[in-house]
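Pasting the sequence and the predicted model now:
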Amino acid sequence: MSEIVENNMPEVDGADLPEDEKRLVTIVYGLQALSLFVMFSSIVGVIINYLKMGDLKNDVSCKHFSYQIRTFWWSLAVGLIGAVLTMVGVGVFVLIGLWIWYVYRIIKGFVRLNDGKAI
């Protein structure tokens, strides 16, 4: 579904997280949150993830980017399955569960980022 870029960077304390990287990760979380109302903003977020992944110098930022990418692809896959299943009546439950999971992932990631911790 997607290629997650793994790096061999040493674990760095979140307090050393460069401000520009923290801002970029925060913007992507914001775009993911906005996608609850404006559907396509998460696509912009994942494009930013893929374009900027190689520029990150901090392990915490890289882990948040990977988390955001996984959140995007899993939500897309489950959303498509839920949409198809609405034809037989159970899709609405899948989509409600997806919405709850998606909100949880955004909040969890944002809180961990603000604490300077990897996800």
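Ah, there it is.

per-residue pLDDT, the residue lying farthest from the centre of the chain?
Within the chain, the residue lying farthest from the chain centre (C-alpha atoms, centre = their mean) is residue 88, at 29.6 Å. With respect to pLDDT, residue 88 has a value of 95.

secondary structure element for the most centrally placed residue in the chain?
Centroid-nearest residue in the chain: residue 68, 1.9 Å away (criterion: C-alpha atoms, centre = their mean). Here residue 68 sits within helix 59-85, counting by DSSP states H and E.

Show me what counts as buried in that helix.
By neighbour count with 16 or more other C-beta atoms under 10 Å, helix 59-85 contains the buried residues 59-69, 71-72, 74-76, 78-79, 82. Yep, even glycine has a C-beta here, placed from its N, CA and C like the rest.

quick one: low-confidence ranges for the protein?
Low-confidence segments of the chain (pLDDT under 70): 1-15.

again, only using 50
Along the chain, the parts satisfying pLDDT under 50 run over 9-10.

Helices of the chain, start to end?
19-34, 41-52, 59-85, 91-114 (DSSP state H).

neighbouring contacts of stretch 29-41?
Contacts to stretch 29-41, defined as C-beta atoms under 8 Å, 6 or more residues apart in numbering, come from residues 42, 44-45, 48, 68, 71-72, 99, 102-103, 106, 109-110, 113.

contacting residues around residue 61?
By C-beta under 8 Å, 6+ apart, residue 61 lies in contact with 17, 18, 21, 22, 24, 25.

Same check on residue 48?
Neighbouring residues of residue 48 by C-beta under 8 Å, 6+ apart: 24, 27, 28, 31.

and the gap between the residue lying closest to the second one once chain neighbours are set aside and residue 69?
If I follow you right, that is residue 27. Once flanking residues are discounted, residue 27 sits nearest to residue 48: 7.1 Å by C-beta to C-beta, 6 or more residues apart in numbering. According to C-beta to C-beta, to the nearest Å, residue 48 and residue 69 sit 10 Å apart.
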